[in-house]
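J.: give me a model of this one.
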Amino acid sequence: MSNGWGGRRTGSGRKRKQGPRLVVNNMPATPKAKEPAFSVDMRAALRIIEESKALARAKNRAPEFNPFQIPAFPPKALPPKKLQIAMDSGISWAGDQWAGSIFASVGAEGLMFLGYPYLAELAQRPEYRVISETIATEMTRRWIKFKSTGADDGEDKAEKIKQLTDEFDRLQVRDYFKELAIQDGFYGRSHLFLDFGRGPADSDTPDEELKTDIGTGRDETSKGKVEKGSLRALRTVEAVWTYPTTYNAINPLRFDWYRPQVWYVMGKEIHCSRLPTFIGHPVPDLLKPAYSFGGLSLSQMAKPYVDIWLKTRESVGELIHAFSVMVLMTDMQSILQPTEGGGVLTRVAMFNTLRDNQGTFVVNKATEDFKNVSASLAGLHELQAQAQEHMMSVARIPAVKFTGISPTGLNASSEGEMRAFYDTVGAYQEAFFRPNLTKVMHFAMLSLWGEVDPEITFDFEPLWALSEKEEAEVRKIDAETAQVHIDTGVLDPAEERKRVATDKDTLYEGLDAQDVPNLREEEEQGLEPIGGRPQPLAEAGPGLGEGEEE
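T.: The predicted model follows:
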């Protein structure tokens with residue numbers, strides 16, 4: 001009977017003393033037959049190879065994921081059971097169709113919602129963070145400009161536009177919309193809370209009031225709900241804290257088809273009109289419940305390309321670190337003998353420990369040879385650059401914006417790529433910002449004046465900025481065009497003066513558009529026209545007679 005220490009009990013009940021058995025590589029040595037040392041190592045190597053093959057098979061045999069399943073939320077963010085998302089017929093049907101599918105690696109391919117905790121972890125990597133922050137920064141870098149579309153563009157409209165601009169500054173609309181764009185890039189969905197407080201500034205809106213519809217900002221509901229000065233502040237809410245509770249999954253002909261009308265935010269039911277939703281990249285209807293009625297995040301879209309970039313970067317670094325291999329050609333039979341290979345291995349170990357560019361490796365001239373085999377490093381920078389470019393192509397960000405590296409080569413320029421990028425960002429501003437930004441503007445008008453001025457709207461300022469030289473050339477062309485219009489009678493000088501005075505980039509601050517100089521009177525008083533001519537003798541002052549000297 002074994003006692004766990006290699007000894008056995010005798011018939012007399014006394015234990016025969018034996019030392020612990022020798023264990024080599026976790027395998028007990030057989031005392032009866034002495035085997036060569038290399039045979040034990042070979043068995044261990046074979047075992048390691050089989051274990052590696054098993055791990056590889058387990059890695060390739062990915063479990064089946066259901067991309068239509070409801071995502072997980074923090075317990076505190078979940079509503080009561082009766083308000084949680086139900087597995088409606090559309091979700092159940094999609095899940096049944098997916099069961100048994102051959103695409104078992106959907107999780108590895110990024111074809112399912114990755115979940116908010118994992119997306120939050122990805123936001124720590126610079127490759128994902130730079131994508132979202134670059135787009136959000138460019139979308140809010142130049143921001144908006146209010147304007148009047150009506151014929152009455154007098155002092156009243158100018159004063160209203162100034163008040164509205166100051167209100168947007170007070171609410172920090174620009175900063176909050178930048179944060180909304182970043183959150184959408186991280187999670188695929190973001191929310192803006194409109195705080196219409198009741199009572200003191202430090203009190204919250206009653207829960208029952210949060211459940212009610214606040215309107216669109218222009219309808220009668222908004223006019224009856226929003227009082228002057230009631231828009232206290234704006235807040236951004238991350239998607240992980242907002243849970244959809246009510247949506248229409250029956251009639252696709254209605255406006256609320258697969259659009260949540262009520263959101264549950266940490267114990268509070270909030271009507272969707274008070275919590276506008278921002279989704280930059282929507283998903284098909286069948287996937288909306290699985291994505292918590294959000295969209296694809298930029299992080300999830302870029303993940304396959306970022307993974308390739310990280311592997312490429314690591315592989316290039318490892319290759320550069322060990323691109324040179326020392327090769328010793330010698331008699332291998334001496335090494336394979338149980339008692340003869342120690343000397344050669346000791347010499348190799350000593351060389352590996354002490355080798356540098358100043359060292360010397362001594363070999364047997366008759367039986368050995370020594371070489372240095374190096375791998376070619378040509379083309380590695382191109383492969384690494386291509387992997388990085390593929391990562392940037394998902395977000396359509398130029399390399400000079402993503403990495404800060406300017407293009408190299410003769411006459412290299414990124415102007416074309418930058419113009420295309422600004423066009424893309426400008427179109428994204430219209431689709432992502434304008435609907436909810438217009439709603440915020442209308443609510444701000446109601447809070448300021450008690451009514452909405454339909455003649456005041458806004459434009460996104462162009463992202464492409466001219467240089468000082470280009471701006472001067474544009475002003476010269478405008479002046480020459482105005483001169484032609486005035487000479488041909490198309491414009492009056494007063495109209496051109498008004499344009500110059502009201503231009504936002506005018507060089508003449510404080511120019512009075514109404515005080516138009518009379519050129520004829522000034523010429524009669526001695527004004528010298530362009531080109532110059534002698535002044536009239538009568539206006540030249542006391543003249544000198546002929547032949548007189550000064």
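
J.: for the residue lying closest to Ala72 once chain neighbours are set aside, give me the pLDDT.
T.: Taking C-beta to C-beta, 6 or more residues apart in numbering, and ignoring the residues beside it in sequence, Ala72 has Gly115 as its nearest neighbour in space, at 6.4 Å. In short, each C-beta sits where N, CA and C put it, glycine included. If you check Gly115, the pLDDT there is 88.

J.: from Ile477, how far out is Glu509?
T.: Between Glu509 and Ile477 the computed distance is 22 Å (C-beta to C-beta, to the nearest Å).

J.: gap between the residue nearest to Ala72 and Ala290?
T.: The separation that Gly115 has from Ala290, given C-beta to C-beta, amounts to 11 Å.

J.: same question for Ala349.
T.: As for Ala349, its distance to Ala290 is 57 Å (criterion: C-beta to C-beta).

J.: the more surrounded of the two?
T.: A direct count of neighbours by other C-beta atoms under 10 Å for Ala349 and Ala290 places Ala290 higher, at 21 against 10.

J.: in which helix or strand would I find the residue sitting nearest the centre point of the chain?
T.: The residue at the geometric middle of the chain, judged as the C-alpha nearest the mean C-alpha position with C-alpha atoms, centre = their mean, is Ser132 (1.1 Å). For Ser132, the enclosing helix or strand under DSSP states H and E is helix 126-141.

J.: which strands or helices does that helix pack on?
T.: helix 173-187, helix 298-321, helix 380-395, helix 399-402, helix 415-432 (3 or more C-beta pairs under 8 Å, 6 or more residues apart in numbering; DSSP states H and E).

J.: count of residues packed around the residue nearest to Ala72?
T.: The number of residues packed near Gly115 is 15, by other C-beta under 10 Å.

J.: ok, it touching Pro71?
T.: Yes. Under the criterion of C-beta atoms under 8 Å, Gly115 lies in contact with Pro71, with a separation of 5.9 Å.

J.: am I right that Phe193 falls within a strand?
T.: Yes. With the criterion set as DSSP: H, G, I helix; E, B strand; the rest coil, the secondary structure at Phe193 is a strand.

J.: domain parsing for this structure?
T.: The chain breaks down into these domains under automatic domain parsing: 1-61, 66-323+375-465, 468-524.

J.: in three-state terms, label Asn372 for me.
T.: Criterion first, three-state DSSP; result for Asn372: strand.

J.: ok, it to Asp478 distance?
T.: Between Asn372 and Asp478 the computed distance is 70 Å (C-beta to C-beta).

J.: which one of the two has more residues nearby?
T.: Counting neighbours by other C-beta under 10 Å for Asn372 and for Asp478 shows that Asp478 has the greater number, 14 against 9.

J.: could you look up the SS state of Asp459?
T.: Using three-state DSSP, the structure places Asp459 in strand.

J.: can you name the residues that contact it?
T.: Neighbour list for Asp459: 144-145, 147 [criterion: C-beta atoms under 8 Å, 6 or more residues apart in numbering].

J.: ok, Tyr428 next?
T.: Contacts for Tyr428 were tallied using C-beta under 8 Å, 6+ apart; they are 135, 139, 280.

J.: and if you look at Val373?
T.: Contact criterion C-beta under 8 Å, 6+ apart gives 324-327 as the residues in contact with Val373.

J.: distance check, the residue nearest to Ala72 against Phe458.
T.: Using C-beta to C-beta, one obtains 37 Å as the distance from Gly115 to Phe458.
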